[in-house]
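Peer 1: Please find the sequence and the predicted model below.
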Amino acid sequence: MLHIVVLLKPEAPGKGLNATVSVEVEFGVCTVTCGIGIREVLLTSGCPGTEAKCIVRVEECRGPVDCGWGIPISEGLACVKMPCIYIPPENRFKYVWKTLIPNKTAHILPNDSAIMEVCRDTHSVTFQCETQQNGNVIASVKYTVYATTEMETKKSRRTETGQSRRMMTDAILVFCLVTGIIVTVGVIFAMVFMILHWAVVKSIWKSKSGQDNQDKKRANKRSLCNME
């Protein structure tokens, strides 16, 4: 937010003296980062009631002229609809559409509307729209309309990519499922083996426990001997 203090000097009624009144104005964030947009102008002192801020007006704001590459309103396999950059009312501005050709002068098109619809050709074409006001360019945006064959190629590539991703996902799911089944079966076999041979398992645990106790006793005796 940008703060600006404006000093007003209205004449005091009945006194003929000038009184100074301080009014603090705050500018909101512009709705765009390039071209033309709008922003709010807020009053941060002297608002009615208990409001800390109140809107004084809405005004235009400007950013860098070049807005780079735009996104079409609609894009199909046959045609593309592209917008210029503007704010309502759109008839305030003049729109100049051009086709850009590398190493050649841009060709100006007869279309002067804010939105242009073109159908795809046998080769890709780059379009540019300049929004002008009072003879000055205030915004510029470019679009590339790909050829029909290129769109079909991109569509087939997206389809192949989606299919390969689905196949990879299915393979991972199958691997996880098979691994889970193997682990579950192994656990079941181990439990069945322990149940059927419980006596043998119990004797092995006892012998191991006894061996551990004997090892502890020997270790204690050795420590006592070392102390003596």
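Peer 2: Structure received. Numbers count the residues shown, from 1 in each chain.
Peer 1: Within the helices and strands, which one has residue 189?
Peer 2: Using DSSP states H and E, the element containing residue 189 is helix 148-196.
Peer 1: ah, wrong one, I meant residue 41
Peer 2: strand 36-43.
Peer 1: Outline the domain layout of this structure.
Peer 2: The record's domain split for the chain, according to automatic domain parsing, is 2-62, 66-145.
Peer 1: Need the pLDDT of the most centrally placed residue in the chain.
Peer 2: By Cα atoms, centre = their mean, the mean C-alpha position of the chain lies nearest to residue 71, the distance being 14.7 Å. We have a pLDDT of 93 for residue 71.
Peer 1: I'd like to know how far it sits from residue 200.
Peer 2: 74 Å (Cβ to Cβ, to the nearest Å). C-betas here are computed from N, CA, C, even on glycine.
Peer 1: what does residue 123 give?
Peer 2: On the measure of Cβ to Cβ, residue 123 and residue 200 end up 82 Å apart.
Peer 1: and what of residue 44?
Peer 2: In terms of Cβ to Cβ, residue 44 sits 86 Å off from residue 200.
Peer 1: Check residue 179 too.
Peer 2: Distance, residue 179 to residue 200, by Cβ to Cβ: 30 Å.
Peer 1: Identify the residue nearest residue 115 in space, chain neighbours excluded?
Peer 2: residue 83 (5.0 Å; Cβ to Cβ, 6 or more residues apart in numbering).
Peer 1: Now do the contacts for that neighbour.
Peer 2: 70, 72-73, 114-115, 129 (Cβ atoms under 8 Å, 6 or more residues apart in numbering).
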